[in-house]
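A.B. asks: Just the structure for this:
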Amino acid sequence: MAKESSQHKGHRQRMRARVEQHGLESLEPHEALEYVLYITNTRKDTNGLAHVLMDRFGDFAGVLDASEEDLLTVEGVGPSTARMLHLLPQVGRYYTQCAVNGKKCMKTTDQLVEYLMAQFAGTVQERALLTALDGRSRIKGLFWLRDGTSDRVSLEIKDVVAAALKGGTDSVVLCHNHPNGVALPSREDLIATENIVRALGLVKVHLRDHIILTESEYFSMREANRLPFYDFQTGEMLRPY
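C.D. replies: Next comes the predicted model:
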């Protein structure tokens, strides 16, 4: 194992001082990765490894999105480093969830979408997420429903209803992603949404929106006037389209 020279030790100290004073965002991407690698490489020069990882996986995000198996194929990456890098996006999502839950009001769709995009960051397969909101539009719970393939996720209505009841609120937002597609609902998405609205209505839960995400765009069925409404009093489905 390559040991850290006095020159590299001084470099590491300067990097730490820089981050302490100006934050991680003050670093270039390869420097940020080098700094993160200090966590599991306490005495080893990580500059070269950071460059190798960036070259292999494209950019900082690509490194963190890589699987542990792929990371372990890079010379100089051991099990602890691979596990740490792979966990970082999950830690970020968990932090965001804990920081927001029950505290911040999601007053606009854009605010909610920004939060949801952070939850789906790095996801390469279709996934579905149910978000429970209280009367002030504060997030009370997140419930991952099901993982799919790169272009399809199948939703079980009973899973959606169970998650909504577990959330303990009468208002939920359904979200799923199209990682390799466009932010538009398929015919299957529209049919599934209508069935879910009806099933939730039977247990007095309102589906406030169904949002479809890509990495950079979103489609809100409510904003597009494509979201059915269940009338709790009459038991009728009202379709705006």
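A.B. asks: got the domain boundaries for this structure?
C.D. replies: The chain breaks down into these structural domains: 6-94, 105-238 (assignment by automatic domain parsing).
A.B. asks: Tabulate those domains (CSV), appending mean pLDDT.
C.D. replies: Below are the domains of the chain laid out as CSV (pLDDT from 0 to 100):
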stretch, mean pLDDT
domain 6-94, 90
domain 105-238, 89
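A.B. asks: would you turn these into a markdown table with mean neighbour count?
C.D. replies: The way it works is simple: take the backbone N, C-alpha and C, and place the C-beta from them, glycine included. A markdown table is the format used below for the domains of the chain (neighbours: other C-beta atoms under 10 Å):
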| stretch | mean neighbour count |
| --- | --- |
| domain 6-94 | 15 |
| domain 105-238 | 17 |
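A.B. asks: ok, now which ones touch the residue most central in space within the chain?
C.D. replies: Residue closest to the mean C-alpha point of the chain, counted by C-alpha atoms, centre = their mean, is residue 119 at 1.9 Å. Shown in contact with residue 119 (C-beta atoms under 8 Å, 6 or more residues apart in numbering): 93, 96, 97, 129, 142.
A.B. asks: how does it look with 6 Å?
C.D. replies: Residue 119 sits next to residue 93 when contact means C-beta atoms under 6 Å, 6 or more residues apart in numbering.
A.B. asks: can you check residue 144 too?
C.D. replies: Per C-beta under 6 Å, 6+ apart, neighbours of residue 144: residue 129.
A.B. asks: That one falls within a strand, correct?
C.D. replies: Yes: counting by DSSP: H, G, I helix; E, B strand; the rest coil, residue 144 is found in a strand.
A.B. asks: State the distance from residue 233 to residue 176.
C.D. replies: Taking C-beta to C-beta, to the nearest Å as the measure, residue 233 falls 30 Å from residue 176.
A.B. asks: cool, residue 219 as well?
C.D. replies: Residue 219 is 11 Å from residue 176, where distance means C-beta to C-beta.
A.B. asks: partner residues bridging the nearest residue to residue 133 once chain neighbours are set aside?
C.D. replies: Nearest non-adjacent residue to residue 133, counting by C-beta to C-beta, 6 or more residues apart in numbering: residue 171, 4.7 Å away. Beta-bridge pairing for residue 171 (DSSP bridges): residue 133, residue 206.
A.B. asks: any idea how far residue 171 is from residue 138?
C.D. replies: In terms of C-beta to C-beta, residue 171 sits 11 Å off from residue 138.
A.B. asks: does residue 219 sit in a helix or strand, and which one?
C.D. replies: Residue 219 is part of strand 218-220 when elements are defined by DSSP states H and E.
A.B. asks: which helices and strands sit right next to that strand?
C.D. replies: Contacts defined by 3 or more C-beta pairs under 6 Å, 6 or more residues apart in numbering; DSSP states H and E place strand 218-220 against strand 206-213.
A.B. asks: Any idea how far the strand it packs on is from the middle of the chain?
C.D. replies: Mean-position distance between strand 206-213 and its chain equals 16 Å (C-alpha atoms, centre = their mean, to the nearest Å).
A.B. asks: Tell me the helices and strands packed up against it.
C.D. replies: Using 3+ C-beta pairs under 6 Å, 6+ apart: strand 206-213 touches strand 171-177, helix 187-202, strand 218-220.
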